[in-house]
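What shape does this take:
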Amino acid sequence: DFFLQHLTLSNIAASMSEKQRALFAPNIEHDTYDAFWQSRAIAPHLKGIKAAVLTVGGWFDAEDPEGPFTTYNAIEKQNPGIVNGLVMGPWVHGGWARGEGARLGHVSFDAKTSEYFRKELQFPFFEQHLKGVKPERAIAEVTAFETGSNVWRRYAAWPPLQARARTLYFGADGKLSWTQPAAAGVDEYVADPRKPVPYIGYPATGVPKEYMVSDQRFAATRPDVLVYQSEVLEEDVTIAGPVTPKLFVSTTGTDADWVVKLIDVYPAAYPETPVERKGSDVAAPGVQMGGYQQLVRGNPLRGKFRNSFEKPEPFTPGKVEALSFGIGQVNHTFRRGHRIMVQVQSSWFPLVDLNPQTFMSIPKARPEDFKKATQRVYRAPETASGIQVMVLPAN
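Predicted coordinates:
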């Protein structure tokens, strides 16, 4: 309600204290990847490293899910020959260092994953490289928790060398499959910045940590959200690596956000999970998990940055354009009996600030700049929209 009432970033900034504005202003004043941000990029400086490194991250770290991969890859590229490892677990920001890591919200991981990390990975790493104590089992280059199946995996590299890129294509009647569409088609919705799609389906005064695995059924029923769903899976499908939407779109506006969400749909017959409310870690107590639509990964592309984060470009209303952008990394198994779902929308509020859908510097937008727009997603042999994932071969 607060953000909708204030609507513009300038109105939001005006409501802040002087100290708050001092922290907030640089983030909105530098609304492209300009020298301000380029000078703060850490990865190019990760050179001359001699010590052994173990970079640790969480699949559900809302603050920085991509940072561990950027750090690991930069060290690997710029410091050949050193010990450089990566661990990814089912954790929120810092979750590996505290708590049990047994669940997030309504999603259980069937093990105390944080305790496992501290005992089986972190402690042996320091014992080996600080004291010279040889571990009983060598730590892998990459140790990653596989959500969905809830097992730890050891890989020689990331993405795993055996993973292969495959595309799930959008089809007619909301179908999602590995087969490219044979006939032309288009799906559309009206995006209204004054009635945005929320990122969670329940009230909250903060950012619940569980939003990265939260139920998306509330969004699937909205007319401004496109939903594509596979048939019931006859065997497990494991994806490990970057998730890359490849869309063909148009808009009646001159700018648009494209939010893409990869979702694991549980079978209709699935036991209820009673969960007590505890701070911001979970949503409501108890939920029917039958048909639960668990967010696996979701992220937006602000359309004006489709070709460059340094030089934004407007859309030409009605012109079909190709978009390809990463929404993050995953290591997840969609189990037999589940379905794979993709949702496409143009707001994720208030997690992402509102796009007025008018090409401009959004921090300078006025209320009258916020306009409805019709967004279209195309599916045809020559304009086949879908989502590219890295699939591991079946065992």
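
Where does the prediction get shaky in the chain?
Confidence mapping of the chain against pLDDT under 70 gives the ranges 271-286.

Where do the helices of it begin and end?
For the chain, applying DSSP state H gives helices covering 2-6, 9-14, 18-29, 35-38, 67-78, 113-117, 123-131, 217-220.

so can I have a markdown table of those helices showing distance to residue 242?
Glycine gets a C-beta too; all of them are placed from N, C-alpha and C. Shown next, in a markdown table, are the helices of the chain (distance: least, CB to CB, whole Å):
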| stretch | distance to residue 242 |
| --- | --- |
| helix 2-6 | 31 |
| helix 9-14 | 30 |
| helix 18-29 | 26 |
| helix 35-38 | 22 |
| helix 67-78 | 9 |
| helix 113-117 | 23 |
| helix 123-131 | 26 |
| helix 217-220 | 23 |
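
Reformat those as a markdown table; add distance to residue 375 and mean neighbour count.
Below are the helices of the chain laid out as a markdown table (distance: least, CB to CB, whole Å; neighbours: other CB atoms under 10 Å):
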| stretch | distance to residue 375 | mean neighbour count |
| --- | --- | --- |
| helix 2-6 | 20 | 12 |
| helix 9-14 | 22 | 16 |
| helix 18-29 | 24 | 12 |
| helix 35-38 | 28 | 12 |
| helix 67-78 | 30 | 18 |
| helix 113-117 | 39 | 20 |
| helix 123-131 | 47 | 14 |
| helix 217-220 | 15 | 18 |
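
between the ones you listed, which one is nearest to residue 356?
Closest to residue 356 of the helices of the chain is helix 9-14 (CB to CB; 10.3 Å).

Just the CA atoms of the closest one, as CSV, please.
Extracted C-alpha coordinates of helix 9-14, given in CSV (Å, rounded to 0.1, in the frame of the first residue of the first chain):
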residue,chain,number,x,y,z
LEU,A,9,10.8,6.7,-6.7
SER,A,10,11.0,10.5,-6.1
ASN,A,11,7.9,10.4,-3.9
ILE,A,12,9.4,7.4,-2.0
ALA,A,13,12.7,9.2,-1.5
ALA,A,14,10.8,12.3,-0.2
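
and residue 254, which of the helices of the chain is closest to it?
helix 9-14 (18.3 Å).

Show me what the closest one is packed up against.
helix 18-29 (3 or more CB pairs under 8 Å, 6 or more residues apart in numbering; DSSP states H and E).

Tell me which other helices or strands the helix it packs on touches.
For helix 18-29, the elements it packs on are helix 9-14, judged by 3+ CB pairs under 8 Å, 6+ apart.

Name the residues that touch the helix it packs on?
Contact with helix 9-14 is made by 3, 6, 21, 24, 25, 28, 353, 362, 363, 364, 365, as judged by CB atoms under 8 Å, 6 or more residues apart in numbering.

dump the residue contacts of the third one.
With contacts defined as CB under 8 Å, 6+ apart, residue 21 is in contact with residue 13.

what about it, distance to residue 28?
Taking CB to CB, to the nearest Å as the measure, residue 21 falls 10 Å from residue 28.

what's the answer for the first one, then?
Separation of residue 3 from residue 28 (CB to CB) stands at 14 Å.

How many neighbouring residues does the closest residue to residue 361 other than its chain neighbours have?
Leaving aside its chain neighbours, residue 361 sits nearest to residue 31 (5.8 Å; criterion: CB to CB, 6 or more residues apart in numbering). Residues lying near residue 31 (other CB atoms under 10 Å) number 19.

do the same with residue 237
That count, for residue 237 with other CB under 10 Å as the rule, works out to 22.

Does it touch residue 333 like I think?
Yes. Counting by CB atoms under 8 Å, residue 237 touches residue 333, with 7.0 Å between them.

Contacts for stretch 187-201, please.
Against stretch 187-201 from outside (CB under 8 Å, 6+ apart): 4, 7, 170, 208, 211, 214-219, 222-226, 256, 259, 283, 345-352, 354-357, 370-377, 379.

what about 7 Å?
208, 211, 214-215, 218-219, 222-226, 345-349, 351, 354-357, 370, 372-377 (CB atoms under 7 Å, 6 or more residues apart in numbering).

Can you select the buried ones from those in ChimeraX?
Selection command for ChimeraX covering only the buried members of the contacts of stretch 187-201, criterion 16 or more other CB atoms under 10 Å:
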select :208,211,214,215,219,224,225,226,345,346,347,348,349,354,355,356,357,370,373,375,376,377
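
Which of the contacts of stretch 187-201 fall within strands?
Using DSSP state E, 226, 345, 373, 374, 375, 376, 377 are the members of the contacts of stretch 187-201 that sit in strands.

Among the residues you listed, which one sits closest to residue 185?
residue 377 (9.5 Å).

Could you pull up the contacting residues of the nearest residue to residue 62 once chain neighbours are set aside?
On the basis of CB to CB, 6+ apart, the spatially nearest residue to residue 62 that is not a chain neighbour turns out to be residue 212, at 6.0 Å. Residues near residue 212 by CB under 7 Å, 6+ apart: 60, 62, 295.

From residue 60, how far off is residue 212?
Counting by CB to CB - residue 212 and residue 60 are separated by 4 Å.

List the strands paired with the longest strand along the chain, with their directions.
If you go by DSSP E, the chain has its longest strand at strand 237-251. Partners of strand 237-251 in the sheet, by DSSP bridges, are strand 321-324 (antiparallel), strand 328-334 (antiparallel), strand 373-379 (antiparallel), strand 386-391 (antiparallel).

I'd like those strands laid out as CSV, including distance to residue 129.
What follows is those, written out as CSV (distance: least, CB to CB, whole Å):
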stretch, distance to residue 129
strand 321-324, 40
strand 328-334, 25
strand 373-379, 50
strand 386-391, 30
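
how about those, which one is nearest residue 17?
Of all the strands paired with strand 237-251, strand 328-334 comes closest under CB to CB, at 33.4 Å.
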